[in-house]
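Novice: predicted coordinates and the sequence they were generated for:
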Amino acid sequence: MGFDARFLGLEAALPAVPETDAAASVALDYLHFTVVLDTGRRFARVTGVNIDGAQLVDVPRGDAWRFDERIPEAWQAGPDVYARNDLDRGHLVRRRDPVWGPPDVAARANADTFRYPNAAPQQAAFNQSLELWNGLEDHVLAYATVHAQRLSVFTAPVLDPGDPEYRGIRVPLRFFKVVAWRSGDELATAGFVLDQSPLLDLDEAARAAQAERERARLAGGAIAVPDLGPFRTFQVPVADVAELARLEMGALAGADRMPRAVAAADWRPITTPDEVLLGP
């Protein structure tokens, strides 16, 4: 039950929230994963899931999003955030990642991913694109499956105080993912950031198309969401992820397999999953 720090056969602990922020955080254990919820922002500060590539199974998706009854609904960003707009309930722990083991266990893990603490608002094109976030997640899962590999994956929105306000919450503009696996007798990791914030160099046609989408949503009775703009995916040093997310990732950062020459340069843009660097 919950995330297992020793799942890889060596220590790969859930990134820690600093003591200064701990009072506003609550850890919620689900089957094969854990969500650490920021009760003020109402989104996860970090999630951790164990993936057993040798035991992954397919189960019917379902789509029954629910509040977690163990904590107050006021701590969770619920259905009102996602009604009548183009925001998806973006899984943080991806639905398929914890779905392994005997059929009853896999089915329960699948259902557990449909809890509001495991969601964050993502623009539909961002959440569903095979060339962006979804493509990266497919690549990671395929890596685990092909190599019958065990992975631990940590994902969350970057909860920046400057995120745009919307319906009583602030919409996260960036998300991170850190993948951990065992390489021989050593821990190995890779870090990623996906940015759904607006670019400053949008051309006139793109701005006009965005304005037209806003008018269409308003005409249909929807409430406009903040302009989330285009999307960019980067492979970055895990140490940069830790600093950006304000989390303690000492061992994970120390095990980063990103080549030093690449890490010393600027963040490495990823346009297709084939460009992801996952070491042996």
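Specialist: On my side now, so go ahead.
Novice: make it CA atoms for all contacts and neighbour counts henceforth
Specialist: Fine.
Novice: so what does the helix or strand encompassing Asp240 touch, helix or strand wise?
Specialist: Assigning secondary structure by DSSP states H and E places Asp240 in helix 238-245. If you count contacts as 3 or more Cα pairs under 8 Å, 6 or more residues apart in numbering; DSSP states H and E, helix 238-245 packs onto strand 174-183, strand 186-195, helix 250-254.
Novice: give me the buried positions along that helix.
Specialist: 238-242, 244-245 (16 or more other Cα atoms under 10 Å).
Novice: where exactly do the helices run in this protein?
Specialist: 103-112, 124-128, 133-146, 204-219, 238-245, 250-254, 260-264 (DSSP state H).
Novice: worst average pLDDT in those helices?
Specialist: Set side by side, those differ in mean pLDDT, and helix 204-219 is lowest with a mean of 51.
Novice: just the pLDDT for Gly162.
Specialist: 89.
Novice: now for it, how many residues are close by?
Specialist: When neighbours are counted by other Cα atoms under 10 Å, Gly162 registers 10.
Novice: coming back round to it: so which of the helices and strands packed on helix 238-245 comes closest to Arg232?
Specialist: strand 186-195 (5.2 Å; Cα to Cα).
Novice: helices or strands next to the closest one in the packing?
Specialist: Against strand 186-195 (3+ Cα pairs under 8 Å, 6+ apart) you get strand 174-183, strand 232-236, helix 238-245, helix 250-254.
Novice: what would the ones you listed look like in CSV with distance to Ser25?
Specialist: Output for the helices and strands packed on strand 186-195, formatted as CSV (distance: least, Cα to Cα, whole Å):
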stretch, distance to Ser25
strand 174-183, 18
strand 232-236, 26
helix 238-245, 14
helix 250-254, 20
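Novice: which stretch among these comes nearest Arg89?
Specialist: strand 174-183 (13.9 Å).
Novice: shaky segments in the chain?
Specialist: Along the chain, the parts satisfying pLDDT under 70 run over 124-141, 143-148, 198-231, 259-265, 273-274, 277-280.
Novice: could you redo the last one with a cut-off of 80?
Specialist: Filtered on pLDDT under 80, the chain yields the residue ranges 86, 123-148, 196-232, 259-266, 269-280.
Novice: stretch 180-193: end-to-end distance?
Specialist: Chord length of stretch 180-193, first to last residue, is 15 Å (Cα to Cα, to the nearest Å).
Novice: ok, residues contacting that stretch?
Specialist: 8-12, 149-153, 174-179, 233-238, 241, 252-253, 255-258, 277-280 (Cα atoms under 8 Å, 6 or more residues apart in numbering).
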